[in-house]
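Need coordinates for the following:
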Amino acid sequence: MNERIEAHLEGLLLCAASLPEVVGERLGLDDRDEVFAGAWPLLRSGSPEAAKTVLSAFAVAQGARLYGLRDALGMASQLHTEATLRAALSHGSPAHAAAAALALAMQRRLDPADSRLARLLDDPTPAIAVQAWQALLQVDTAANPIPRPYAAAIGHENPELRAAALEAGIWRGEPWAPTVIRKLAEAGNALGLEWFMAVGDATGAEGLLKALAPQANARHCKLASRSGHPAAIQNLLEWMSSEDPSAAADAGAGWFRVTGFDVEGERASVPVGPEADEIDREFAPEVRLPDLARARQQWAANGARWLAGARWCRGHDIGVSLSSAAQRTIDLEARWDFGARAALAGARVFPPPPAI
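Numbers count the residues shown, from 1 in each chain. This is a model prediction of the structure:
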């Protein structure tokens, strides 16, 4: 997909002089993706005048339009935009300051000690505070002693704000983070469960996986596959025999994500509810059921090795190290989870995931 986008962009840049006429109208739309699609080639052209056009739109934008412009400004070179973004951070409205902070952070041009950033973290509008926490995620580290209002944000009623603050704390390597994650997970909190499966200790994760074992559903399959623990492999093997086609298929997908072995078998229709009309029944969704016999053979051949490992993804044990082969094979979520675990252990092995 990235290659297709880049190829399309290169085609647009061939007519750089006409770009304002070709894509300029998109800057005034209210669809975030459309606005990005207009601003991105203008900024990538390297033209100071094109950058001014984008910055002029940024100065008056709101809502989705502002987000689209922010995304483009954060991903492109800031040679012609950094000064204006810094001015917006210092003197702009809270919405523009937060957008500018995140755009600057994406290029590592944001000072984590910036006083306006500190105020934005406590902004009463969750959408603004979320961006400030997302910006902080990119630039803050354990070496920076500045205290942050984690408790208030993690205790906030807004789920996006809670998630952004907790992620920032994890990647900063805050010593309280594992305890908070565990408590949230033990209380059944969805955010806590996700993070505990990603970074929690093996003993606690195994206990939670055992509690999930009798219940085969999409959410539990995702949690098990994200953990990659040996106990998760056993859960997924059991769930593949579920009478619910969707649950069985989800377990099969989780099995592939953890072990690297494809067990897709025959197709099956997902049952529809009694309220479904004739069209819904005729076009009921289909899933690929797992080949349980093949999965059991794989367990028989590899179970001892899997049980001796720590965390598995696509057949690689990534509990303590990330080999070159694993980096070529595992998905981005597993890679970011490895980085988060390393950050909690006291070292950032690579930057956190981009917020845009």
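
so where's the stretch 251-356 of the chain shaky on pLDDT?
273-284 (pLDDT under 70).

can you pull out the helices in it?
278-282, 292-307, 324-329, 332-344 (DSSP state H, counting those that start in this stretch).

What of the stretch 1-150 of the chain?
2-13, 19-23, 32-44, 48-60, 63-75, 82-91, 94-106, 115-121, 126-139, 150-154.

Please work out which of the helices of the stretch 251-356 of the chain is packed deepest.
helix 332-344 (a mean of 19; mean count of other CB atoms under 10 Å). For glycine as for every other residue, the C-beta is placed from the backbone atoms N, C-alpha and C.

To Ala190, which of the helices of the stretch 251-356 of the chain lies closest?
With CB to CB, the closest approach to Ala190 among the helices of the stretch 251-356 of the chain belongs to helix 332-344: 15.8 Å.

Can you name every helix or strand that the closest one contacts?
Helix 332-344 sits against helix 159-172, helix 190-199, helix 218-227, with contacts defined as 3 or more CB pairs under 8 Å, 6 or more residues apart in numbering; DSSP states H and E.

if we can go back for a sec, will you turn the helices of the stretch 251-356 of the chain into a markdown table that also has distance to Asp30?
Below are those laid out as a markdown table (distance: least, CB to CB, whole Å):
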| stretch | distance to Asp30 |
| --- | --- |
| helix 278-282 | 33 |
| helix 292-307 | 48 |
| helix 324-329 | 39 |
| helix 332-344 | 29 |
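
For Glu82, find the nearest of those.
Glu82 sits nearest to helix 332-344 of all these, at 26.8 Å, using CB to CB.

chain center to that closest one: distance?
11 Å (CA atoms, centre = their mean, to the nearest Å).

and if you look at stretch 293-307?
31 Å.

Please apply the same query to stretch 189-208.
17 Å.

and if you look at stretch 334-348?
14 Å.

before we move on, back to that, deepest-packed of the helices of the stretch 1-150 of the chain, please.
The most buried stretch of these, if neighbours are counted by mean count of other CB under 10 Å, is helix 94-106, with a mean of 26.

which intervals of this structure have sub-threshold pLDDT?
For the chain, the ranges with pLDDT under 70 are 1-22, 273-284.

before we move on, the earlier item: switch the helices and strands packed on helix 332-344 over to TSV; also include distance to Leu120.
Listed next are the helices and strands packed on helix 332-344 as TSV, based on distance: least, CB to CB, whole Å:
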stretch	distance to Leu120
helix 159-172	12
helix 190-199	22
helix 218-227	31
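
Could I get these in JSON lines, plus columns for distance to Val180 and mean neighbour count?
JSON lines is the format used below for the helices and strands packed on helix 332-344 (distance: least, CB to CB, whole Å; neighbours: other CB atoms under 10 Å):
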{"stretch": "helix 159-172", "distance to Val180": "7", "mean neighbour count": "22"}
{"stretch": "helix 190-199", "distance to Val180": "8", "mean neighbour count": "21"}
{"stretch": "helix 218-227", "distance to Val180": "18", "mean neighbour count": "23"}
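
for those, which one sits closest to Ala143?
helix 159-172 (9.5 Å).

Determine the angle, from 0 to 180 degrees, between the closest one and helix 332-344.
Counting by axes from the mean of the first three to the mean of the last three CA atoms, to 10 degrees, helix 159-172 lies at 60 degrees to helix 332-344.
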